[in-house]
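# I would like the atomic coordinates for the input below:
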Amino acid sequence: MSNRYSVGQMNQLGDGLEAADYSIDEVTKLRDPATLAQIKLILMGIAVIVRSSFKLVLDKAFNPSEFIGQGWAFWKGSVNGNGLEGDDACVQEPDIVDFEHIVLETHLKKGESAIHGEEKMKRARVSKNHQLGSKALLALWNDYQTKKAEGKSGDSILEMLRKSGKIGTVIYFFGSVLRDPNGDLSVLSLAFSNGEWSWYYSWLDDDWIAANPSASLASVN
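The predicted structure follows:
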């Protein structure tokens with residue numbers, strides 16, 4: 001699923017979702033005898049907890065016109081230009097990302113409740129953390145789609161990150177700036193709503209609040 005949403009609309013996607021995140025079966029799972037038996041084995045040292053891996057290979061190139069639609073491209077050059085000249089306005093992303101180290105940044109300063117999108121972008125680019133862009137989004141999205149097709153969406157990196165509390169229901173990827181068919185600047189996001197993840201794009205020409213965090217890495221492997 002994909003649609004264009006304003007930042008304000010994106011802020012509403014997560015409203016009221018927490019109570020519906022888990023089914024009754026999931027809530028009562030710990031009462032299941034098999035689960036309790038496994039916990040007992042772990043406590044006795046007979047079994048061990050296998051740590052989930054949050055690593056993904058970023059081996060797919062992101063093509064805006066193929067992923068979003070005709071007329072979409074990476075923004076080129078300065079955000080003050082027309083987006084048609086210069087280098088792609090994208091950070092260099094690593095070949096492998098360990099999302100265990102994901103950091104969500106609002107780029108708000110003390111006393112600020114909102115920030116304009118272009119100013120947020122400037123602050124993101126000078127952050128000590130490494131911004132994630134379109135390749136990271138594509139890897140997360142493809143992993144989620146693959147696991148969903150197998151009936152195991154809960155095993156996707158996105159769902160493991162959400163359920164572990166490392167991310168919320170909306171994350172933006174400021175490492176890549178896109179130019180829409182009208183010549184406007186946009187960034188991509190992933191959002192969880194109605195029990196599933198979807199991707200969206202939002203104009204930079206908006207006010208961004210603390211509920212609009214961008215994804216970065218505290219360290220890069």
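# from now on I want contacts and neighbour counts done on CA atoms only, so please keep to that.
OK.
# the most centrally placed residue in the chain bridge partners, please.
Compute the mean C-alpha point of the chain, and by C-alpha atoms, centre = their mean the closest residue is Ile171, 4.1 Å away. Ile171 has the following beta-bridge partners by DSSP bridges: Leu190.
# show me what contacts the nearest residue to Asp180 once chain neighbours are set aside?
Computed as C-alpha to C-alpha, 6 or more residues apart in numbering, the closest residue to Asp180 that is not its neighbour in sequence is Trp72, at 4.8 Å. Shown in contact with Trp72 (C-alpha atoms under 8 Å, 6 or more residues apart in numbering): Pro64, Ser65, Leu178, Arg179, Asp180, Pro181.
# closest to Ser198 among those residues?
Pro64 (16.1 Å; C-alpha to C-alpha).
# which stretches of the chain form helices?
7-13, 24-27, 33-43, 64-67, 117-125, 134-149, 157-163 (DSSP state H).
# by mean pLDDT, show me the worst of those helices.
When these are compared on average pLDDT, helix 24-27 comes out lowest at a mean of 49.
# one step back: I'd guessed the residue nearest to the centre of the chain sits against Pro213; true?
Yes - under the criterion of C-alpha atoms under 8 Å, Ile171 lies in contact with Pro213, with a separation of 5.7 Å.
# need the overlap of contacts for the two.
With contacts defined as C-alpha under 8 Å, 6+ apart, the residues shared by Ile171 and Pro213 are Leu104.
# could I get the full set of strands for the chain?
2-4, 55-57, 73-74, 96-98, 102-105, 115-116, 130-131, 170-179, 185-193, 196-203, 207-208, 214-217 (DSSP state E).
# how far does the last one sit from its chain's centre?
What separates the centre of strand 214-217 from the centre of its chain is 8 Å, taken as C-alpha atoms, centre = their mean, to the nearest Å.
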